[in-house]
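J.: Okay, sequence plus prediction incoming.
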Amino acid sequence: MVDAQGLIDTAPLSPIRERTNTLEHALSKRPEPKDLLDRGILHAPPGVPAVVQLKQHELEKSMAKDALKTHLAKRPEKETLVQRNILSASSAAPQIQAHQKELERSMLEDSLKDKLAHRPQPAEVIEKGILNADEDPTK
């Protein structure tokens with residue numbers, strides 16, 4: 001078809017037919033229900049009524065809730081976790097506990113170094129009768 005300016009109209013003859021082809025193309029690319037199930041988009045196979053799907057979802061949710069309650073009921077008390085050295089007995093904020101632990105370790109290290117620096121010589125220990133002469137660590 002030619003318009004008043006002499007240009008040729010390149011529009012398709014039937015826009016409905018073009019849209020139909022687009023729909024057919026989109027439907028041909030549509031994923032299979034099994035793929036949608038595997039990806040977690042569908043929750044039940046096709047053909048299962050929505051009411052059944054809803055009840056199944058509610059049942060799964062209820063079962064998860066019950067399992068969580070059971071695990072929480074069996075959870076050990078804080079005192080037990082402190083005794084097992086799983087939790088810190090400190091009342092400091094969690095952000096500070098790491099620094100507190102590091103400081104305690106540093107203080108223990110300094111104390112050990114001090115005690116090692118002031119320990120008696122092996123001869124002194126043998127003289128006091130703590131070690132026998134045959135247990136001398138220098139020989």
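T.: Here it is on my side, so go on.
J.: least trustworthy helix or strand in this structure by mean pLDDT?
T.: Least confident helix or strand of the chain, by mean pLDDT, DSSP states H and E, is helix 15-28 with a mean of 72.
J.: Please list the outside residues in contact with the very next helix or strand once past that helix.
T.: As assigned by DSSP states H and E, the chain's next helix or strand after helix 15-28 is helix 33-38. Contact with helix 33-38 is made by 42-43, 45-46, as judged by C-beta atoms under 8 Å, 6 or more residues apart in numbering. To be clear about C-beta, it is placed using only N, CA and C from the backbone, and glycine gets the same treatment.
J.: Rounded mean pLDDT for helix 33-38, please.
T.: What helix 33-38 shows for mean pLDDT is 84.
J.: got it, and stretch 129-139?
T.: The average pLDDT for stretch 129-139 rounds to 81.
J.: what's the straight distance from one end of it to the other?
T.: 17 Å (C-alpha to C-alpha, to the nearest Å).
J.: now stretch 69-80
T.: 20 Å.
J.: quick one: buried residues of that stretch?
T.: Neighbour counts over stretch 69-80 (16 or more other C-beta atoms under 10 Å) mark no residue as buried.
J.: okay, now the domains of the chain?
T.: 45-73, 93-139 (automatic domain parsing).
J.: Of all the ones you listed, which one is nearest E32?
T.: Among the domains of the chain, domain 45-73 comes nearest to E32, with 9.9 Å by C-beta to C-beta.
J.: And the closest one, what's buried?
T.: Within domain 45-73, no residue qualifies as buried by neighbour count (16+ other C-beta under 10 Å).
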